[in-house]
Structures are given as structure tokens and as C-alpha cells.
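Asks: Following is a predicted model, sequence given first.
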Amino acid sequence: MFARLREDIRIVFDRDPAARTFFEVLTTYPGLHAILWHRLSHGLWNLGLKWLARFSSTLARLMTGIEIHPGAKIGRRVFIDHGMGVVVGETAEIGDDCTLYHGVTLGGTSWKKGKRHPTLEAGVIVGAGAKILGPITLGAGAKVGSNAVVVKDVPAGATAIGIPARILDEEQHRAREEVANKLGFSAYAVSSDMNDPMVKAIHGLIDHSANTDQRIAWIVAELKRLGGAGEAGNPDDHFDPASLNKMVD
């Protein structure tokens, strides 16, 4: 039991740079308290003491602001940061090494009995305010952006953003980040499907710039291959116009 407690506290230090001392984490982190309390409630639930389990989880909600149904299954090294407003439904399953931020809901979309809440596989990260609804599965290492509403499965390692959530094109996102960094700013967390003309214009410019860079790189590479240019990107390079004519032809 104490080894498991040390593991829970150590993971706080790994994921929260604000954590200072063992005693501080043990006494002032509601996310940790909620996880520890849930283990008691879940144990009572599995013993068939349903009312007592629900009463225990209600006390935990009053003390921490985090509502976890005693029937939910939670793995090891799960970290709930800040935690206020987190809701985890009865048939939800959270795998090892997952991280939930405040305001996250693992909810259902049906009144039918049986599996109706999400399953988070190992290493999933869910941003603040995100809603994951229904008996869907988020694959290992998946990420959900803040305030996203996820109602479909998310593949392992993918990132879901927006309302309703869409899977982020990682290759396009990396290209945008590279170009944005060259321009002196980052478009991080600003999705192209946002209903904002300024955002759409910025992404259009970034995509056009990335496409232009790729075309220029290809032209320089072809000129080099034809023996008409030096190192790519060197403004002092000169090339034979005849080489360019051959390439165009």
C-alpha cells in the first residue's frame, strides 16, 4: 500500500513543476486525494456494498471537487491536475499513466445499461475542459485538446481538437509549426477549423509559405542536380540559364 502511495506521489513530481515537497503533495493535492479515495470506494463497490461506495465517493466529491463513480476503473500512475470539475462515469476506464486536467468529463450519451462511458488506454492526456462522451476508445498515447468534445474513437498517438473533435493532421501541423517559428510566432493550439476569419487567413498564409518553400527547395535541388547551382539557400550561388531552360523543357 505504501509503495503504491509513493508511486502516486512521485508521479505528481514528474508531471507538475509546482510540486515542492512530499508533505505538500500529500496534504494539498485534491487530484491525489480523489485517486486515493476512489480506491476505497471502488473496493467497497466490488464487495457489493454499493450504497456505502456511493456515499464514500460523494464525500470525496465534497472534499475534492472531483466526482469519480466508484464503479469506474482507474489504472496506476494516473494524475489529475488541479481537478476541480472532473467527472468520471461508472463504466469509464482509465489506463496507466494517463493525465486529466480540470473540468474534464468522461461521460455517457445513453441511458441504456452496460458500457456507456469512454475507455482511455495507457498514456492518454486530456486537456482542461474536454468532454469525452460515449463508449469510445482513446488509443495509447492519444491527446485531447482543451475544451474539445470527443464522440468518436481516437487512434493511438493521435491528437483530437475542436467541437466536434477532429483528428489533427500531424504532418501538416508540424509543417505549420516550422514555418510559424521561422516567421517568429507559433500557431500552437489554434486549429484551422476555428470559425475565425483571421485564424483561417493566418493558416492560409502559413500553408502557402510552406508550399512555396517546398517548391523553392525542389527547384534548387534540381539546379544542383543539373550542375547549375551551389549549396541550397546560398544567395551568392549562380547558375547557368541554359540549365534552367533544360529543366523547364
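Replies: That came through fine. As the structure is a prediction and not an experimental result, all values here were calculated from the model.
Asks: which residues in the chain form helices?
Replies: Per DSSP state H, the chain carries helices over the ranges 2-15, 22-28, 30-46, 50-64, 170-183, 197-225, 241-248.
Asks: and the residue nearest to G145 when sequence neighbours are not counted, how far is that from A128?
Replies: Closest residue in space to G145, ignoring its immediate chain neighbours: I161 at 3.7 Å, by CB to CB, 6 or more residues apart in numbering. For glycine as for every other residue, the C-beta is placed from the backbone atoms N, C-alpha and C. Distance from I161 to A128, counting by CB to CB, to the nearest Å: 13 Å.
Asks: Pick out whichever of those two has more residues nearby.
Replies: Between I161 and A128, I161 has the larger neighbour count (other CB atoms under 10 Å), namely 24 against 17.
Asks: Identify each buried residue in stretch 127-146, please.
Replies: For stretch 127-146, burial by neighbour count (16 or more other CB atoms under 10 Å) applies to 127-145.
Asks: Equivalent analysis for stretch 43-60, please.
Replies: Buried residues in stretch 43-60 (16+ other CB under 10 Å): L44, W45, A53, R54, S56, S57, A60.
Asks: List the contacts of it.
Replies: The contact list for stretch 43-60 (CB atoms under 8 Å, 6 or more residues apart in numbering) reads 33-34, 37-38, 40-42, 66-71.
Asks: mind giving me JSON lines with those residues and columns for pLDDT?
Replies: Converted to JSON lines, the contacts of stretch 43-60 look like this (pLDDT from 0 to 100):
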{"residue": "H33", "pLDDT": "94"}
{"residue": "A34", "pLDDT": "94"}
{"residue": "W37", "pLDDT": "95"}
{"residue": "H38", "pLDDT": "95"}
{"residue": "L40", "pLDDT": "94"}
{"residue": "S41", "pLDDT": "96"}
{"residue": "H42", "pLDDT": "96"}
{"residue": "I66", "pLDDT": "95"}
{"residue": "E67", "pLDDT": "95"}
{"residue": "I68", "pLDDT": "96"}
{"residue": "H69", "pLDDT": "96"}
{"residue": "P70", "pLDDT": "95"}
{"residue": "G71", "pLDDT": "95"}
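Asks: related to what we said a few turns ago, and the helices of the chain, which is most packed in?
Replies: Ranked by mean neighbour count under mean count of other CB atoms under 10 Å, the helices of the chain are led by helix 30-46, which reaches a mean of 20.
Asks: For that helix, C-alpha coordinates in CSV please.
Replies: The C-alpha coordinates for helix 30-46 follow below in CSV (Å, rounded to 0.1, in the frame of the first residue of the first chain):
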residue,chain,number,x,y,z
PRO,A,30,-7.0,17.2,-4.5
GLY,A,31,-6.3,15.1,-7.6
LEU,A,32,-4.2,12.7,-5.4
HIS,A,33,-6.8,12.7,-2.7
ALA,A,34,-9.5,11.8,-5.2
ILE,A,35,-7.5,8.9,-6.6
LEU,A,36,-6.8,7.5,-3.1
TRP,A,37,-10.4,7.9,-2.0
HIS,A,38,-11.6,6.2,-5.2
ARG,A,39,-9.6,3.1,-4.4
LEU,A,40,-11.5,2.8,-1.1
SER,A,41,-14.9,3.4,-2.9
HIS,A,42,-14.0,1.1,-5.7
GLY,A,43,-13.1,-1.6,-3.2
LEU,A,44,-16.4,-1.3,-1.5
TRP,A,45,-18.2,-1.3,-4.8
ASN,A,46,-16.5,-4.6,-5.8
